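Participant: need a 3D model of the sequence below.
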Amino acid sequence: MPSARSFAMFTRALAHYADGIRWFLLSVLIGVALSSARAEAKPPLLEMQPAALDLGTAQQGQVLKGSVKITNRGSEPLMILSADASCDCTSVTPGKTVLATGESTTLAIKSETRTYQGLIRRMIIVRTSANDFAIPLTVFVQPPGDDSDAKPQTK
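Facilitator: Next up is the predicted model:
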């Protein structure tokens, strides 16, 4: 039969163990509450139209123009921090740099074919307050005097 002293030690240990479990459960609940609060503050969502830009077929030496519409579908304002291209033959100019919720702007894109030939691929890189994204740009450049619309087959 256990003594009163050993029983008292057992109940103190059990109470200490229960306090530890309570602190653990409290810290888990606080962690869940903080992570769900962070999840509710969603970054701005972007919609791009079109998601890829095909400028078609062009002759060497031409300057081609295109545009991409960006819409802020998030719940917070969106800042366009920069818009660049992977080649200095292509320039990107945003119409606006701050978009409120639901607001749109157009990226004006100009690409010079220079002396390039064949299928040319470039990337438009846009850095925003939400995240960065890339828009693929393609154009098929023909040499001077070639008036055919033949594009290579791509897979």
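Participant: where exactly do the strands run in this structure?
Facilitator: 46-49, 53-59, 63-72, 78-85, 90-94, 98-99, 104-112, 118-128, 132-142 (DSSP state E).
Participant: and of those, who's closest to Arg5?
Facilitator: Arg5 lies closest to strand 132-142 among the strands of the chain, at 67.8 Å (C-beta to C-beta). Just so you know, the C-beta spots here come from the backbone N, C-alpha and C atoms, and that holds for glycine as well.
Participant: quick one, domains of the protein?
Facilitator: 1-41, 46-142 (automatic domain parsing).
Participant: can you give me the neighbour number for Leu78?
Facilitator: Residues lying near Leu78 (other C-beta atoms under 10 Å) number 24.
Participant: hang on, the earlier thing: pick out the shakiest of the strands of the chain, pLDDT-wise.
Facilitator: Within these, confidence is poorest for strand 46-49, with a mean of 91 (mean pLDDT).
Participant: TSV for the strands of the chain, including distance to Ser3?
Facilitator: As requested, these are arranged in TSV below (distance: least, C-beta to C-beta, whole Å):
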stretch	distance to Ser3
strand 46-49	72
strand 53-59	85
strand 63-72	73
strand 78-85	71
strand 90-94	81
strand 98-99	75
strand 104-112	80
strand 118-128	71
strand 132-142	70
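Participant: spatially nearest residue to Arg114, not counting backbone neighbours?
Facilitator: Once its chain neighbours are removed from consideration, Arg114 has its nearest residue in Cys89; the separation is 5.7 Å (C-beta to C-beta, 6 or more residues apart in numbering).
Participant: is it correct that the one you found is in contact with Lys110?
Facilitator: No: under the criterion of C-beta atoms under 8 Å, Cys89 is not in contact with Lys110, lying 9.2 Å apart.
Participant: Asp54 touches Val139, doesn't it?
Facilitator: Yes: counting by C-beta under 8 Å, Val139 is a contact partner of Asp54 at 7.5 Å.
Participant: cool, thanks, talk later.
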